[in-house]
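>>> Next come a sequence and a model predicted from it.
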Amino acid sequence: MALVWQPQEAAYMQLCQLLSEFQKPGANQALILQQLEQAKHVPDFNNYLSFIFSKSDNLPMEVRQSAGLLLKNNLKQQYAGLSEDFRNYIKGDLLHVLSLPQRVLRHTAGSITTTIVGALGLAGWPELVVWWSGTLQNTADAAVLDGALDSLQKVVEDHPHLLDTQLVGASWGPGPAPVSGLLVTPLLGLLTAPAAAEAALAILNEMFGHMPAGLQAALPQYTEAVFKLATAESPGVRREVCIAFCQLVTVHPELLEAHLPQLIEYMIISNQDANESVALEAAEFWLAFCESELGIDLLQPVLNRLIPVLMKNMVFDEYDEEVQAAEDAESRQGQPDSDKDIKPSHSKHARTRAGGDGTAVGEDEDANDDDDEDVRKWNLRKCSAAALDMLSTHLGDEHILPLLLPIVQQRLLDPDWKVRESAILALGAVSEGCHMGLAPYLTDMVKMLIPVLQDPRPMVRMITCWCLSRYVQWVLIPPSDDRQVDHRGQSSSVAPENEALFVAILLGLLGRVQDGNSYVQEAACSGLADLLEHASNVTHGRLLLPRLQPLVETLSNAIATCGRRNLRIVLDAISTTCSVIGGRILSEYPAAVQQLVVPVLNRWQSLGFMERDVVPIMESLTNIAASLGPAFEPYAPAVFEKAVVLLRAQQEARKAQAADATSSHLYEPDLHMAALDMLSGLADGLRASVEPLVTASPLPTLLPAACADASSDVRQSAFALLGDMTKACPR
């Protein structure tokens, strides 16, 4: 029989003291973190954390929670190496905490539970499944039920594939049983309990995407229960009902066919719910319905009510975060971007440095796992616009425009800028599905939108940039009597009146690329990139040559003056320009090449070419060099030299850090790969002309080390460079 672990009093008190001190203002947190890092090497350190978390009722709640979160973060790396006795001790503590009255402790325990399940699988913790099944069916204690539902939801979200794990044991019958078969029935039973219905339905909805055997067998009962909950008072329950209907209409529409008219009516009503989360999930239903196997014509009779609802929901909320950010930027024009304005760079190569995991005591490593695109969140407004886009694509202009255009025309005259903005959003949303019906109005529409680029409200300028870019492809349609195409299927002509429209859109967007509001500048650069791509696809970029000077001058000024926030998107616009026009043509315009390349090099120099912020500049130069080819030769020696210097510096930093984790040499994997990729771009663009640069450099001795690097990402970039060099320098 295994001995029951007990903490030593002195070690227990020392750890409690450290965790308590960390919470105090003015504490030397760096020293405490260092001591906790050293304690990780004690074999039963995690047992102490588990004991403090689960049994130290005399300690403050924040200390116990900190112990729990530190335990969770440790177990992600250490659980597999723990002894069986220590594993069982921690699992027993967790089942205890999941039943405690303190919600914050229960939910922290749920996070630790899913971490252990990820390491063990459910077959390695059958007691947890037994506890879940029994608690969901029999408990009357609201706190215990919450602990079971919360931990189960986290496990289902993180490890849905484990729900088909076959368990063998007396607790579930003579033969193997899937975990989902033991849990779905009690979850369905909880749908009649008002206090638990939302959480239970959320878990079943989460299961739906993986469709484990237990839920597959109970789909009729699940569908019936969802219909019964449709009129629930709780907005949270109604939100989950809408999610369930979206999933059913996508995967199992046959279960809804008998009730479709009533369901469509329900969704129109839910789309107007005062609770935005309910309305958002109802708006998602129209997207799902359009992509389902159900007849889209079923929506035609309700379009006269549905389109006004979507339009109403496309108006910005008064306190929308995106509006606030753009308005703040309007008042801060000319000021440097603050750190909070800079979008995080989610590089696939990012990793923590040696010497710690970068997580503070009481901080959950997984707390920042979700993608954060600044304030650009999916919301009811955007979903409604997407639904209108989808409806127009599937139903066509003959059904949409007669209902939509009167609303748009009325809104364009509204004194409220938010209402005007929603009208322009609607025009952009239907640009694909209704372009034939809007063709007679295209000239007037573009002429109407161009002056709106000067609107005093930044959100109106932004949406106008986007809307105009959506119609460029239709502006560039060749005249019906001259649809000549080349060997690549590209047209060589555009109607004269449409060419004038194209020029007006181009110049309008270039004006906004110089906008002092960084959010408007970003929207303009994005719209400009779309315009350039369409011009390339339709006319080989021919339409751009007469306007090369304003295009180049605008981008040259933008890269020299833009803030850090928009650096990457301005660089992308320059790269796209070089790619669309091409090195063969630009070689005849060396002044234009100079205007594009030199400001990028100057921006690199101003940042300090070893700084991590230069990665997007290096990526852009890589693309520019590959696109321009021989036209880039005047700048190649300086760029090549910097790339080699950077490559050597990063390899030296890597060696120093491997030898001493406290080394002052900072190794940046992104910079390492950016240097390799830049050299690849030069080899790809210059071909044989790169050989003298290679011969005179230490690259031949640096490249083998990169090919043998411990990082697979670095090796991938190194071998790509080796391939490009082999083609460019066969000798």
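Looks like it arrived, so ask away.

>>> In the stretch 51-200 of the chain, mark out all the strands, start to finish.
For the stretch 51-200 of the chain, applying DSSP state E, counting those that start in this stretch gives strands covering 166-167, 177-178.

>>> Identify whichever of those strands lies nearest to V570.
Closest to V570 of the strands of the stretch 51-200 of the chain is strand 177-178 (CB to CB; 53.7 Å). (Glycine included, C-beta is placed from N, CA and C.)

>>> Parallel or antiparallel, which strands does that closest one pair with?
strand 166-167 (antiparallel) (DSSP bridges).

>>> Need the residues that contact the partner strand.
For strand 166-167, contacts defined as CB atoms under 8 Å, 6 or more residues apart in numbering pick out L122, A123, P126, V129, P176, A177, P178, V179, L182.

>>> ok, now stretch 305-315?
Applying CB under 8 Å, 6+ apart, the set of residues contacting stretch 305-315 is 268, 271-272, 279, 283, 286, 299, 380-381, 384-385, 387-388, 391, 400, 403-404, 407, 411, 418-419, 421-422, 425-426.

>>> and that stretch, how far from the chain's centre?
27 Å (CA atoms, centre = their mean, to the nearest Å).

>>> Go through this structure and flag its longest helix.
In the chain, assigned by DSSP state H, the helix with the most residues is helix 636-659.

>>> now for that helix, which elements pack on it?
helix 590-607, helix 615-628, helix 669-686, helix 691-695, helix 699-707 (3 or more CB pairs under 8 Å, 6 or more residues apart in numbering; DSSP states H and E).

>>> Which one, of those, ends up nearest to D320?
Of all these, it is helix 615-628 that lies closest to D320, at 28.3 Å by CB to CB.

>>> Show me what that closest one is in contact with.
If you take CB under 8 Å, 6+ apart as the criterion, helix 615-628 is touched by 345, 347, 567-568, 571-572, 574-575, 578-579, 582-583, 586-587, 593, 596-597, 600-601, 603-604, 607, 632, 636, 639, 643, 670-671, 674-675, 677-678, 680-682, 684-686.

>>> for this protein, which spans come out with low pLDDT?
1-3, 170-174, 338-376, 479-492, 609-610, 612, 661-665, 731 (pLDDT under 70).

>>> part of a strand, is L294?
No - assigned with DSSP: H, G, I helix; E, B strand; the rest coil, L294 falls outside any strand and is coil.

>>> how deep is it tucked in, by neighbour count?
18 (other CB atoms under 10 Å).

>>> for the one 5 residues further on, same thing?
If you count neighbours by other CB under 10 Å, L299 ends up with 18.

>>> for the stretch 151-300 of the chain, what spans make up the helices?
For the stretch 151-300 of the chain, the helices defined by DSSP state H, counting those that start in this stretch cover 179-190, 197-208, 213-217, 219-228, 235-251, 260-270, 276-290.

>>> So for Q657, which of these sits nearest?
Among these, if distance is taken as CB to CB, the winner is helix 197-208, at 41.4 Å.

>>> by how many degrees do the closest one and helix 235-251 diverge?
Comparing the axes of helix 197-208 and helix 235-251 via axes from the mean of the first three to the mean of the last three CA atoms, to 10 degrees yields an angle of 20 degrees.

>>> wait, what's in contact with A631?
A631 sits next to G583, L586, S587, P590, V593 when contact means CB under 8 Å, 6+ apart.

>>> Could you pull up phi and psi at the closest residue in space to it that isn't next to it in sequence?
Among residues not flanking A631 along the chain, S587 sits closest, at 4.1 Å (CB to CB, 6 or more residues apart in numbering). The phi and psi values for S587, taken as degrees, to the nearest 10, are phi -60, psi -20.

>>> do the same with L100
L100 adopts backbone torsions of phi -70, psi 160, taken as degrees, to the nearest 10.

>>> try P308
Backbone geometry at P308, expressed as degrees, to the nearest 10, gives phi -60, psi -30.

>>> can you count the residues close to it?
For P308, the number of neighbouring residues by other CB under 10 Å comes to 14.

>>> what about it, distance to L403?
Separation of P308 from L403 (CB to CB, to the nearest Å): 8 Å.

>>> hang on, the earlier thing: correct me, but the residue nearest to A631 touches P630?
Yes - with contacts counted by CB atoms under 8 Å, S587 reaches P630, the gap being 6.2 Å.

>>> D414 - that's part of a helix, no?
No - in this structure, D414 is coil, not part of a helix, as judged by three-state DSSP.

>>> quick revisit: show the buried residues in the contacts of helix 615-628.
Buried members of the contacts of helix 615-628, counted by 16 or more other CB atoms under 10 Å: 567-568, 571-572, 574-575, 578-579, 582-583, 586, 593, 596-597, 600-601, 603-604, 632, 636, 639, 643, 670-671, 674-675, 677-678, 680-682, 684-686.

>>> Could you report the neighbour count for the spatially closest residue to F45 that is not a sequence neighbour?
Setting aside the residues directly before and after it, F45 is nearest to A39 in space (CB to CB, 6+ apart), at 5.1 Å. Number of residues near A39 (other CB under 10 Å) recorded here: 18.

>>> can you give me the helices in the stretch 451-600 of the chain?
Secondary structure of the stretch 451-600 of the chain by DSSP H, counting those that start in this stretch: the helices cover 458-475, 496-513, 518-539, 548-561, 567-581, 583-586, 590-607.

>>> Who are the packing partners of the fifth one?
Using 3+ CB pairs under 8 Å, 6+ apart as the contact definition, the elements that helix 567-581 packs against are helix 518-539, helix 548-561, helix 590-607, helix 615-628.

>>> For A653, find the nearest of those helices.
Minimum separation from A653 across those (CB to CB) falls at helix 615-628, 15.3 Å.

>>> Can you check what angle separates the closest one from helix 548-561?
Using the same axes, to 10 degrees: helix 615-628 against helix 548-561 is 160 degrees.

>>> Helix 615-628: how far from the chain's middle?
On the basis of CA atoms, centre = their mean, helix 615-628 sits 24 Å off its chain's mean C-alpha point.

>>> CA atoms only: put it into CSV for me.
Output in CSV follows, covering the C-alpha atoms of helix 615-628 (Å, rounded to 0.1, in the frame of the first residue of the first chain):
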residue,chain,number,x,y,z
VAL,A,615,12.0,41.7,-39.1
PRO,A,616,9.0,43.0,-41.2
ILE,A,617,11.4,45.3,-43.0
MET,A,618,13.7,42.4,-43.8
GLU,A,619,10.8,40.3,-44.9
SER,A,620,9.7,43.1,-47.2
LEU,A,621,13.2,43.6,-48.7
THR,A,622,13.2,39.8,-49.3
ASN,A,623,10.1,40.1,-51.4
ILE,A,624,11.2,43.3,-53.1
ALA,A,625,14.5,41.8,-54.1
ALA,A,626,12.9,38.7,-55.5
SER,A,627,10.3,40.8,-57.5
LEU,A,628,12.8,43.4,-58.8
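
>>> tell me which residues of it are tucked away?
Neighbour-count burial for helix 615-628 flags 615-628 (criterion: 16+ other CB under 10 Å).

>>> What's the separation between the closest residue to P700 other than its chain neighbours and L621?
Leaving aside its sequence neighbours, P700 sits nearest to V694 (CB to CB, 6+ apart; 7.0 Å). Using CB to CB, V694 is found at 18 Å from L621.

>>> what's D613 in contact with, if anything?
Neighbouring residues of D613 by CB under 8 Å, 6+ apart: R564, L567, L607.
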